[in-house]
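1. build me a structure from this.
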Amino acid sequence: MNPCKTKTVVSWTLQLLAAAILARTLFFKFSGAEESKYIFRTLGVEPWGRVASGLIELVAVVFLLVPQTVTLGALIALGVMAGALVSHLSKLGIVVQDDGGLLFCLAITVFVSSAGILIVRRRQVPVLGYLFSPSTQMQCEPHRCHH
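-> Numbers count the residues shown, from 1 in each chain. As a prediction, the model looks like this:
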């Protein structure tokens with residue numbers, strides 16, 4: 001497999017993984033599931049923090065799935081997951097309500113996936129409006145991969 005195709009496959013695999021995890025947790029945030037309420041109550045930001053977090057994660061999911069906005073989606077997801085990891089390590093603990101550390105592991109997975117996307121697409125990271133340039137999609141030539 002050529003390097004460009006490999007980078008594309010790796011990026012899309014990471015994008016879909018991060019988007020799927022984030023999308024799955026949206027139901028719990030927006031439906032007001034008890035576990036979500038507990039988490040945001042413990043952090044002192046229930047309900048507005050739960051809803052705002054859900055909205056930001058929804059934007060990240062959409063951006064991760066649109067080729068022109070993938071790096072912005074990854075940056076947003078990375079930031080939200082950094083906040084989640086800090087919350088787990090400082091106030092919530094790794095295990096939340098006997099979940100066996102599942103939420104913590106999912107946050108790490110999204111964080112690492114988002115970082116991986118940014119590494120693969122490092123030339124697309126927004127600098128001085130570069131993100132909104134039409135040339136931000138991964139472009140492949142026969143022997144080189146520009147991303």
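2. pretty sure residue 60 sits against residue 77.
-> Yes - in this structure, residue 60 is within contact of residue 77 by C-beta atoms under 8 Å, at 4.4 Å. Backbone N, C-alpha and C define where each C-beta goes, glycine included.
3. biggest helix in this structure by residues?
-> Taking DSSP state H as the criterion, the chain has its longest helix at helix 3-31.
4. give me the common contacts of residue 60 and residue 77.
-> Taking C-beta atoms under 8 Å, 6 or more residues apart in numbering as the contact rule, residue 60 and residue 77 both touch 18, 22.
5. mind listing the strands for this structure?
-> Taking DSSP state E as the criterion, the chain carries its strands at 139-140, 145-146.
6. give me the buried positions along the longest helix of the chain.
-> Applying a neighbour-count criterion of 16 or more other C-beta atoms under 10 Å, one finds 4, 7-8, 11-12, 14-15, 17-19, 21-23, 25, 28-29 buried in helix 3-31.
7. any regions of this protein where pLDDT drops low?
-> Scanning the chain for pLDDT under 70 picks out 126-147.
8. what distance do you get for the residue nearest the centre of it to residue 30?
-> Nearest to the geometric centre of the chain sits residue 77, at 2.8 Å (C-alpha atoms, centre = their mean). Residue 77 sits 17 Å away from residue 30, taking C-beta to C-beta, to the nearest Å as the criterion.
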